[in-house]
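*Asks:* The sequence and its predicted three-dimensional model are supplied below.
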Amino acid sequence: MEKPEFLGRDWAFPITFHKGAGGPAMAEGKESVAQSLAILFNCSKGERPYRPDYGADLSAYLFDPLSKARESEVKRLVEQAILLFEPRVKLLGVKLQVEELKGQFFIEITYLIRNTNTRQNQVLPFYRDEANELDL
């Protein structure tokens with residue numbers, strides 16, 4: 001049985017407030033860990049004023065052709081970010097799926113939540129054109 005108190009309780013992401021509850025939505029347990037990882041990988045270094053080293057800078061690789069060398073570099077960034085900023089998990093594996101014609105790549109991470117010995121998979125999508133309303 002999972003014990004969320006060992007994994008923490010954080011504001012849910014994206015941040016939402018409940019009208020009647022008088023506070024923000026919360027994430028606990030493995031949901032808290034998954035949301036923390038998504039935030040970590042979508043954050044660029046220097047983006048947080050009080051933690052300038054926080055983040056993984058993965059979006060910078062959207063516009064580069066992903067060769068085997070680049071793929072290894074992205075995997076290394078993922079491994080390093082988890083090692084430095086998410087002590088609740090032990091990384092078991094990282095896979096990259098690249099769809100160059102669609103301008104996107106997916107990072108699949110497999111990890112073990114240390115305190116509960118729970119194995120989890122998470123797929124993180126990165127899209128080149130999603131924020132662009134321009135149709136060429």
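*Replies:* Yes, it's here. Residues are numbered from 1 along each chain as shown.
*Asks:* what's the helix or strand for the most centrally placed residue in the chain?
*Replies:* The chain has residue 38 as the residue nearest its centroid, 2.4 Å off, counting by C-alpha atoms, centre = their mean. According to DSSP states H and E, residue 38 maps onto helix 29-42.
*Asks:* For the lengthiest helix in the chain, the averaged confidence score.
*Replies:* Assignment by DSSP state H gives helix 68-85 as the longest helix of the chain. What helix 68-85 shows for mean pLDDT is 91.
*Asks:* quick one: it to helix 29-42, angle?
*Replies:* Interaxial angle of helix 68-85 relative to helix 29-42 (axes from the mean of the first three to the mean of the last three C-alpha atoms, to 10 degrees): 130 degrees.
*Asks:* So which residues make contact with helix 68-85?
*Replies:* 37, 40-41, 53-58, 61, 64, 66, 89, 91, 94, 96, 98, 107, 109, 111 (C-beta atoms under 8 Å, 6 or more residues apart in numbering). Bear in mind the C-beta positions are built from the backbone N, C-alpha and C, glycine included.
*Asks:* Output it in PDB with nothing but the alpha carbons.
*Replies:* The C-alpha coordinates for helix 68-85 follow below in PDB (Å, rounded to 0.1, in the frame of the first residue of the first chain):
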ATOM      1  CA  LYS A  68      22.500   9.400 -32.100                       C
ATOM      2  CA  ALA A  69      24.900  11.800 -30.400                       C
ATOM      3  CA  ARG A  70      22.100  14.300 -29.700                       C
ATOM      4  CA  GLU A  71      19.900  11.400 -28.400                       C
ATOM      5  CA  SER A  72      22.600  10.400 -26.000                       C
ATOM      6  CA  GLU A  73      22.900  14.000 -24.900                       C
ATOM      7  CA  VAL A  74      19.200  14.300 -24.200                       C
ATOM      8  CA  LYS A  75      19.200  11.000 -22.200                       C
ATOM      9  CA  ARG A  76      22.200  12.300 -20.200                       C
ATOM     10  CA  LEU A  77      20.300  15.500 -19.400                       C
ATOM     11  CA  VAL A  78      17.300  13.500 -18.200                       C
ATOM     12  CA  GLU A  79      19.500  11.300 -16.000                       C
ATOM     13  CA  GLN A  80      21.300  14.300 -14.600                       C
ATOM     14  CA  ALA A  81      18.100  16.200 -13.800                       C
ATOM     15  CA  ILE A  82      16.500  13.300 -12.000                       C
ATOM     16  CA  LEU A  83      19.700  12.700 -10.000                       C
ATOM     17  CA  LEU A  84      20.100  16.300  -9.000                       C
ATOM     18  CA  PHE A  85      16.500  17.400  -8.400                       C
END
